[in-house]
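**Student:** just a sequence and a predicted model for now, questions to come.
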Amino acid sequence: MSEKISDQRWSYPVLESERVWRGSVFDMDEDVVQLSESAPPVRRHYVAHTGAVAVVALRGEPGSEEIALVDQYRHPVQAKLWEIPAGLLDVAGEDPLLAAQRELWEEADLRAAKWDVLVDYFTSPGGSTEELRIYLAREVSEVLESERHVRCDEEQTMTLRWVSLDEAIDAVHEGRIHNPSAVVGILAAASARAGGWVKLRPANCPWFKSPLGR
């Protein structure tokens, strides 16, 4: 039997590295990399990102689950997108699971008693260090009115909608949902459900993160 495929950590020599731009959410770096001894080094630019977490929150009976989706305005694409609750890992030293729990509370007024890792991925590994971990949250409950988070900026107009997981899967395949964490999370949840949830990883499992992150 052949060895299971798995991404591996690898790096070519970096001859020069410079942070050419700094921003509030991400920075831009420029590296000079020696990819081959027989060829000149290459210059690569990439977004140095904090990373993020997202949450697929489910409720309902087995086979009839509903997923929590929120709509948020995204200015670069000039659209309101249906998304799963998500947020940046921009609090120094914060555990990713705690960050995910915080985002579920802030964006959806929800808590969950059961947490697992659903899927990890790099959002655009050819040009960004951003890594994103999607958690699966179950045994969900609403927070008290007095405990709700006061939202600002684009989050002020967000609304929560519970959608059948089957409907969300159809929306992905029919091109009606475009946010990457929502697409990945919905399809990963569909796959995990089809397998009886047995391949989920613990909420504190290791994470294959970029060493060049912000």
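**Tutor:** Yes, it's here. Residues are numbered from 1 along each chain as shown.

**Student:** now for the most centrally placed residue in the chain: which residues touch it?
**Tutor:** The centre of the chain sits closest to Leu132, judged by Cα atoms, centre = their mean, with a distance of 3.6 Å. Applying Cβ atoms under 8 Å, 6 or more residues apart in numbering to Leu132 gives the contacts Gly51, Ala52, Val53, Ala54, Ala86, Asp120, Tyr121, Phe122, Thr123, Pro180, Ser181. C-betas here are computed from N, CA, C, even on glycine.

**Student:** select, from the residues you listed, the two members most distant in space.
**Tutor:** Using Cβ to Cβ, the pair of the contacts of Leu132 lying farthest apart is Ala86 and Phe122, separated by 15.0 Å.

**Student:** who has more neighbours out of the two?
**Tutor:** In terms of neighbours (other Cβ atoms under 10 Å), Ala86 is the more surrounded of Ala86 and Phe122; the figures are 23 against 17.

**Student:** which residues touch the nearest residue to the more buried one once chain neighbours are set aside?
**Tutor:** In space, and not counting its chain neighbours, Ala86 is closest to Ala54: 3.6 Å by Cβ to Cβ, 6 or more residues apart in numbering. Contacts of Ala54 were listed using Cβ under 8 Å, 6+ apart, and they are 83-87, 100, 103, 132-135, 181, 185.

**Student:** go through those residues and flag which are in helices.
**Tutor:** Taking DSSP state H as the definition of helices, the contacts of Ala54 contribute Ala100, Glu103, Ser181, Gly185.

**Student:** which residue packs closest to the second one, ignoring adjacent ones?
**Tutor:** Nearest residue to Glu103, sequence neighbours excluded (Cβ to Cβ, 6+ apart): Gly87, at 3.9 Å.

**Student:** okay, now that neighbour: neighbour count?
**Tutor:** When neighbours are counted by other Cβ under 10 Å, Gly87 comes out with 18.

**Student:** now swap in Arg111 and tell me
**Tutor:** 16.

**Student:** can you tell me the element it falls in?
**Tutor:** Here Arg111 sits within strand 110-122, counting by DSSP states H and E.

**Student:** repeat that for Val183.
**Tutor:** Here Val183, judged by DSSP H and E, is contained in helix 180-194.

**Student:** farthest from the middle of the chain: give me that residue.
**Tutor:** Each residue of the chain has a distance to the centre, and by Cα atoms, centre = their mean the biggest one is for Ser38: 38.5 Å.

**Student:** who's in contact with Pro180?
**Tutor:** With contacts defined as Cβ under 8 Å, 6+ apart, the neighbours of Pro180 are Thr123, Leu132.

**Student:** how close does it get to Ala188?
**Tutor:** With the distance defined as Cβ to Cβ, to the nearest Å, Pro180 ends up 12 Å from Ala188.

**Student:** overlap of the contact sets of the two?
**Tutor:** Between them, Pro180 and Ala188 share no contacting residue, judged by Cβ under 8 Å, 6+ apart.

**Student:** what about Leu104, neighbour count?
**Tutor:** Here the neighbour count serves as a burial measure; for Leu104 (other Cβ under 10 Å) it reads 27.

**Student:** need the per-residue pLDDT for it.
**Tutor:** Here the pLDDT value assigned to Leu104 is 97.
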